[in-house]
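In: my questions concern the predicted model and sequence given below.
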Amino acid sequence: MAVQTPFYFYDLELLENTLQALTDAVPSDNFKVHYAIKANAETRILETIRKYGLGADCVSGNEITKALECGFDASEIVLAGVGKSDAELNTAISNQIHSINCESIEELEVINEIAEQNNQVASISFRINPNVDAKTHHKITTGLSENKFGIPISEVSRAIAEIRKMPFLSLSGIHFHIGSQILSMDPFVKLCQQVNTLLDEIEEEGITLEHINVGGGLGIDYLNPDQNPIPDFEKYFAVFKEHLNLREGQTVHFELGRSVVAQCGSLITKVLYVKKGATKNFAIVDAGMTELIRPALYDSYHEMENITADPLLGNDNYSVVGPICESSDVFGELEMPITKRNDIIKIKSAGAYGQVLSSNYNLRDSAVAYYSDEQSLNVCIGKEQEALA
Ligand SMILES: *Cc1c(COP(=O)(O)O)cnc(C)c1O
């Protein structure tokens, strides 16, 4: 049996090493890490993450259901999202999740109503838009005033006044998420400063919060995935340890997605044709933006490697492109060994926002996932396996 390309390949050993490094880096018991399921929602990935005791961060009702199915405890699940439907809120409330991160004053009213129907008091947090620049790609920036997410800081007192009138809501925390693929620690320091100011203000209103959720966003090294596969979680947590002025008994929650799963996944694709264009060579592969949309959507860089080429043949420059009928269906340009039809290209760092964002555009088949511990894989893909190991 030959394995059909393209496919996703997940290195479970790297995932576990990453999770071990992450849990080892947690500086104290009041730091709680959730995994942001939207980065990769494969059952085996979720089950592995669950083994390390992380909670779940969800952005839809179906993600809550999936988290529960994969063994996450409702008391460790949080829900965010700028447009939660009534059905999604009902899923959250009826399962009594840890916190619903509420993003508007109007949403407070809806949660209050649905909580009343469920005869429950829902634990909610305000998702605050702190107007902190994450200094990342503009399409993955979420914490600026111009972004749709969260309640503006200036509206917090009004939100507090509203919540006092709502008997089925209990305000337990505040939540932030400023963006993704953040590599400099400066935006996180700024976030801590904003949180501290806000905590003072909220305390003046006579409210002491149980938890502060600072979201996710820690970036990974897309340029050197093999040399630097595990993010510096220690440095990241140290920022919050040092800069947040927590009150007695308060917990800090994190929602890391990309930094947990990005490096353990690759997209494996076969070269269909090599075409000499008027200005460059195209290596046309059988994966496209339908399997990995990040380059098309965010101009993202992914390292690629021809894992079957003969290095003795010398190098050439290629634009690696997919088969989809869109000019943006390009994975990138690179120099690689002379490439021929049927060569196998590994597109690295595809574990986060890869498979979850896949589509069947052009009525394509869904690519399947293989895991590094599958015995049959050796036989199935033969030569590539050596390079994948
Ligand atoms: C996407 C998202 C995350 C995870 O972001 P990463 O950059 O993958 O760590 C965390 N929290 C919320 C609310 C999100 O929307």
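Out: Perfect, thanks for sending it. Numbering: from 1, shown residues only.

In: need the pLDDT of Glu210.
Out: If you check Glu210, the pLDDT there is 97.

In: now the residue lying closest to Pro337 once chain neighbours are set aside: how far from the ligand?
Out: Among residues not flanking Pro337 along the chain, Ala309 sits closest, at 3.6 Å (CB to CB, 6 or more residues apart in numbering). In short, each C-beta sits where N, CA and C put it, glycine included. As judged by CB to the nearest ligand atom, to the nearest Å, Ala309 and the ligand stand 33 Å apart.

In: same check, this time on Thr43
Out: 19 Å.

In: what's downstream of the longest helix seen in the chain, the next helix or strand?
Out: If you go by DSSP state H, the chain has its longest helix at helix 186-204. Under the assignment DSSP states H and E, the closest C-terminal helix or strand after helix 186-204 is strand 211-213.

In: is there proximity between that next one and the ligand?
Out: No. Judged by CB under 6 Å from any ligand atom, strand 211-213 and the ligand are separated, with a smallest distance of 8.3 Å.

In: buried ones in that strand?
Out: His211, Ile212, Asn213 (16 or more other CB atoms under 10 Å).

In: and if you look at stretch 321-335?
Out: Within stretch 321-335, the residues scored as buried using 16+ other CB under 10 Å are Val321, Gly322, Pro323, Ile324, Asp329, Val330, Phe331, Gly332, Leu334.

In: one more: stretch 297-310?
Out: For stretch 297-310, the neighbour count (16+ other CB under 10 Å) marks Tyr298, Ser300, His302, Glu303, Met304, Glu305, Asn306, Ile307, Thr308, Ala309 as buried.

In: can you give me the end-to-end span of it?
Out: One end of stretch 297-310 sits 32 Å from the other (CA to CA, to the nearest Å).

In: for it, report the contacting residues that lie outside it.
Out: 137, 139-140, 222-226, 271, 289, 292, 294-295, 320, 331-332, 334, 336-340, 342-350, 357, 383-384, 387-388 (CB atoms under 8 Å, 6 or more residues apart in numbering).

In: try it again at 6 Å.
Out: 137, 139, 222, 225, 294, 320, 334, 336-337, 339, 343-349, 384, 387 (CB atoms under 6 Å, 6 or more residues apart in numbering).

In: gap between Met336 and the ligand?
Out: Distance, Met336 to the ligand, by CB to the nearest ligand atom: 29 Å.

In: so what's that residue bridging to?
Out: Taking DSSP bridges, one obtains Asp316 as the residues bridged to Met336.

In: for the strand or helix carrying Glu113, which positions count as buried?
Out: Glu113 is part of helix 105-117 when elements are defined by DSSP H and E. Within helix 105-117, the residues that count as buried by 16+ other CB under 10 Å are Glu107, Leu108, Ile111, Asn112, Ile114, Ala115, Glu116.
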